[in-house]
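Student: Pasting the sequence and the predicted model now:
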Amino acid sequence: MATGCSLHLIRPLGFSTGEKACRRAGLDYWPRLAPTEHEGFEEYLEAARPWVGGMWLFTTKCSRPVWDAKLGLGDQLVFGRETAGLPESILERYPDRLVTLPMVPGERSLNLATAVCAVVYEGIRQLAAAGVVAMDGDGRIVRAESAEGR
(Lines give C-alpha, C1' and ligand atoms only; values in the text may rest on other atoms or scores of the structure.)
Protein backbone atom coordinates (compact mmCIF):
# COMPACT_ATOMS: atom_id res chain seq x y z
CA MET A 1 0.00 0.00 0.00
CA ALA A 2 2.70 2.49 1.01
CA THR A 3 4.71 1.84 -2.15
CA GLY A 4 1.92 2.09 -4.71
CA CYS A 5 2.07 -1.60 -5.61
CA SER A 6 -1.04 -3.54 -6.48
CA LEU A 7 -1.83 -6.93 -4.97
CA HIS A 8 -3.03 -10.01 -6.83
CA LEU A 9 -4.11 -12.99 -4.73
CA ILE A 10 -4.20 -16.45 -6.30
CA ARG A 11 -6.47 -19.09 -4.82
CA PRO A 12 -6.34 -21.24 -2.85
CA LEU A 13 -5.32 -18.77 -0.17
CA GLY A 14 -3.85 -19.81 3.14
CA PHE A 15 -5.75 -17.07 4.96
CA SER A 16 -9.11 -15.34 5.04
CA THR A 17 -9.70 -11.95 3.40
CA GLY A 18 -13.11 -11.52 4.98
CA GLU A 19 -13.94 -8.25 6.74
CA LYS A 20 -13.77 -9.82 10.21
CA ALA A 21 -10.33 -11.39 9.57
CA CYS A 22 -8.93 -8.16 8.12
CA ARG A 23 -10.27 -6.14 11.03
CA ARG A 24 -8.77 -8.61 13.55
CA ALA A 25 -5.40 -8.40 11.76
CA GLY A 26 -5.47 -4.60 11.86
CA LEU A 27 -5.63 -4.25 8.09
CA ASP A 28 -7.61 -1.01 8.11
CA TYR A 29 -6.14 -0.17 4.69
CA TRP A 30 -7.54 -3.36 3.05
CA PRO A 31 -10.46 -1.59 1.30
CA ARG A 32 -8.03 0.98 -0.20
CA LEU A 33 -5.71 -1.81 -1.31
CA ALA A 34 -8.50 -3.41 -3.35
CA PRO A 35 -6.67 -6.66 -4.18
CA THR A 36 -7.51 -8.56 -7.34
CA GLU A 37 -8.31 -12.22 -6.69
CA HIS A 38 -7.78 -15.04 -9.19
CA GLU A 39 -9.16 -18.57 -8.94
CA GLY A 40 -5.84 -20.17 -9.88
CA PHE A 41 -2.45 -19.55 -11.49
CA GLU A 42 -3.70 -19.96 -15.06
CA GLU A 43 -6.45 -17.40 -14.42
CA TYR A 44 -3.86 -15.04 -12.98
CA LEU A 45 -1.68 -15.41 -16.09
CA GLU A 46 -4.63 -14.73 -18.37
CA ALA A 47 -5.95 -11.71 -16.47
CA ALA A 48 -2.76 -10.07 -15.17
CA ARG A 49 -0.58 -10.79 -18.22
CA PRO A 50 2.69 -10.67 -16.25
CA TRP A 51 4.79 -11.35 -19.35
CA VAL A 52 3.96 -7.83 -20.61
CA GLY A 53 6.30 -6.22 -18.08
CA GLY A 54 8.12 -8.98 -16.34
CA MET A 55 7.45 -11.69 -13.81
CA TRP A 56 9.78 -12.81 -11.05
CA LEU A 57 9.12 -15.95 -9.01
CA PHE A 58 10.54 -16.06 -5.50
CA THR A 59 11.78 -19.34 -4.09
CA THR A 60 14.34 -20.82 -1.75
CA LYS A 61 15.02 -23.44 -4.45
CA CYS A 62 17.44 -21.42 -6.56
CA SER A 63 20.71 -19.54 -6.07
CA ARG A 64 20.08 -16.38 -8.14
CA PRO A 65 19.79 -13.44 -5.71
CA VAL A 66 17.06 -10.87 -6.30
CA TRP A 67 19.61 -8.11 -6.86
CA ASP A 68 20.88 -9.98 -9.96
CA ALA A 69 17.42 -9.59 -11.52
CA LYS A 70 16.71 -6.33 -13.33
CA LEU A 71 13.40 -5.30 -11.78
CA GLY A 72 11.35 -2.86 -13.82
CA LEU A 73 8.31 -0.67 -13.41
CA GLY A 74 5.24 -2.88 -13.84
CA ASP A 75 7.04 -6.14 -13.10
CA GLN A 76 5.04 -8.67 -11.12
CA LEU A 77 6.59 -10.35 -8.10
CA VAL A 78 5.15 -13.79 -7.42
CA PHE A 79 5.43 -15.38 -3.99
CA GLY A 80 4.08 -18.72 -2.83
CA ARG A 81 2.43 -19.78 0.37
CA GLU A 82 4.39 -19.05 3.49
CA THR A 83 4.27 -22.73 4.47
CA ALA A 84 5.10 -24.33 1.11
CA GLY A 85 6.29 -21.73 -1.39
CA LEU A 86 5.37 -21.91 -5.06
CA PRO A 87 4.40 -25.28 -6.57
CA GLU A 88 7.18 -27.19 -8.35
CA SER A 89 5.13 -27.17 -11.58
CA ILE A 90 5.28 -23.36 -11.67
CA LEU A 91 8.99 -23.23 -10.79
CA GLU A 92 9.81 -25.74 -13.53
CA ARG A 93 7.79 -23.74 -16.07
CA TYR A 94 9.77 -20.50 -15.57
CA PRO A 95 13.34 -21.47 -14.61
CA ASP A 96 14.83 -18.22 -15.97
CA ARG A 97 12.51 -16.11 -13.77
CA LEU A 98 13.45 -17.68 -10.40
CA VAL A 99 15.13 -15.51 -7.76
CA THR A 100 15.76 -15.76 -4.05
CA LEU A 101 16.52 -13.68 -1.00
CA PRO A 102 19.79 -15.17 0.29
CA MET A 103 19.90 -16.43 3.87
CA VAL A 104 22.54 -17.87 6.15
CA PRO A 105 22.99 -21.66 6.21
CA GLY A 106 20.46 -23.54 8.28
CA GLU A 107 17.59 -21.09 7.79
CA ARG A 108 14.62 -22.42 5.86
CA SER A 109 12.70 -19.32 4.74
CA LEU A 110 11.58 -15.80 5.56
CA ASN A 111 8.18 -14.64 6.75
CA LEU A 112 6.12 -13.80 3.64
CA ALA A 113 5.48 -10.17 4.60
CA THR A 114 9.19 -9.67 5.31
CA ALA A 115 10.19 -11.20 1.97
CA VAL A 116 7.67 -9.10 0.02
CA CYS A 117 8.81 -5.92 1.76
CA ALA A 118 12.49 -6.61 1.08
CA VAL A 119 11.86 -7.33 -2.59
CA VAL A 120 9.57 -4.35 -3.18
CA TYR A 121 12.14 -1.98 -1.73
CA GLU A 122 14.92 -3.62 -3.77
CA GLY A 123 12.77 -2.91 -6.83
CA ILE A 124 12.31 0.71 -5.75
CA ARG A 125 16.07 1.00 -5.16
CA GLN A 126 16.73 -0.30 -8.68
CA LEU A 127 14.13 2.06 -10.18
CA ALA A 128 15.66 5.00 -8.32
CA ALA A 129 19.16 4.07 -9.53
CA ALA A 130 17.80 3.94 -13.09
CA GLY A 131 16.20 7.38 -12.70
CA VAL A 132 12.64 6.06 -13.04
CA VAL A 133 11.51 7.04 -9.54
CA ALA A 134 12.82 9.50 -6.99
CA MET A 135 11.94 10.90 -3.60
CA ASP A 136 10.19 14.25 -3.43
CA GLY A 137 10.90 16.90 -0.79
CA ASP A 138 8.62 15.10 1.68
CA GLY A 139 10.46 11.77 1.27
CA ARG A 140 7.68 10.26 -0.86
CA ILE A 141 8.23 8.00 -3.87
CA VAL A 142 7.31 9.74 -7.13
CA ARG A 143 8.02 9.31 -10.82
CA ALA A 144 11.42 10.91 -11.44
CA GLU A 145 10.03 13.71 -13.60
CA SER A 146 7.70 14.70 -10.71
CA ALA A 147 10.64 15.16 -8.35
CA GLU A 148 12.62 17.55 -10.53
CA GLY A 149 11.29 20.65 -8.80
CA ARG A 150 12.32 19.47 -5.34
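Tutor: That came in fine, so what should we check first?
Student: And the strands in this protein?
Tutor: Assigned by DSSP state E, the chain shows strands spanning 8-10, 36-38, 55-58, 76-78, 98-99, 133-135, 141-143.
Student: Can you pull the domain assignment for the protein?
Tutor: Domain assignment for the chain by automatic domain parsing gives 1-48, 50-150.
Student: With respect to burial, which of those domains scores highest?
Tutor: The highest mean neighbour count among the domains of the chain, using mean count of other CB atoms under 10 Å, belongs to domain 50-150: a mean of 14. Bear in mind the C-beta positions are built from the backbone N, C-alpha and C, glycine included.
Student: residue nearest the centroid of this protein?
Tutor: What sits nearest the mean C-alpha location of the chain, by CA atoms, centre = their mean, is residue 77, with 3.8 Å.
Student: hang on, it packs against residue 120?
Tutor: Yes. When contacts are counted by CB atoms under 8 Å, residue 77 is listed as touching residue 120 (7.2 Å).
Student: roughly how far apart are the residue nearest to the centre of the chain and residue 138?
Tutor: 26 Å (CB to CB, to the nearest Å).
Student: circling back: mind putting the strands of the chain into JSON lines with distance to residue 127 and mean pLDDT?
Tutor: Formatted as JSON lines, these follow (distance: least, CB to CB, whole Å; pLDDT from 0 to 100):
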{"stretch": "strand 8-10", "distance to residue 127": "20", "mean pLDDT": "89"}
{"stretch": "strand 36-38", "distance to residue 127": "22", "mean pLDDT": "91"}
{"stretch": "strand 55-58", "distance to residue 127": "14", "mean pLDDT": "96"}
{"stretch": "strand 76-78", "distance to residue 127": "13", "mean pLDDT": "95"}
{"stretch": "strand 98-99", "distance to residue 127": "16", "mean pLDDT": "97"}
{"stretch": "strand 133-135", "distance to residue 127": "4", "mean pLDDT": "95"}
{"stretch": "strand 141-143", "distance to residue 127": "9", "mean pLDDT": "93"}
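Student: closest one to residue 107 among those strands?
Tutor: Of all the strands of the chain, the one in closest proximity to residue 107, counting by CB to CB, is strand 55-58 (15.1 Å).
Student: Pull the residues that contact the longest helix seen in the chain.
Tutor: Longest helix in the chain, counting residues (DSSP state H): helix 112-129. Residues from elsewhere that reach helix 112-129, judged by CB atoms under 8 Å, 6 or more residues apart in numbering: 3, 5, 56, 58, 66-67, 70-73, 75, 77, 79, 81-82, 101, 109-110, 133-135, 141.
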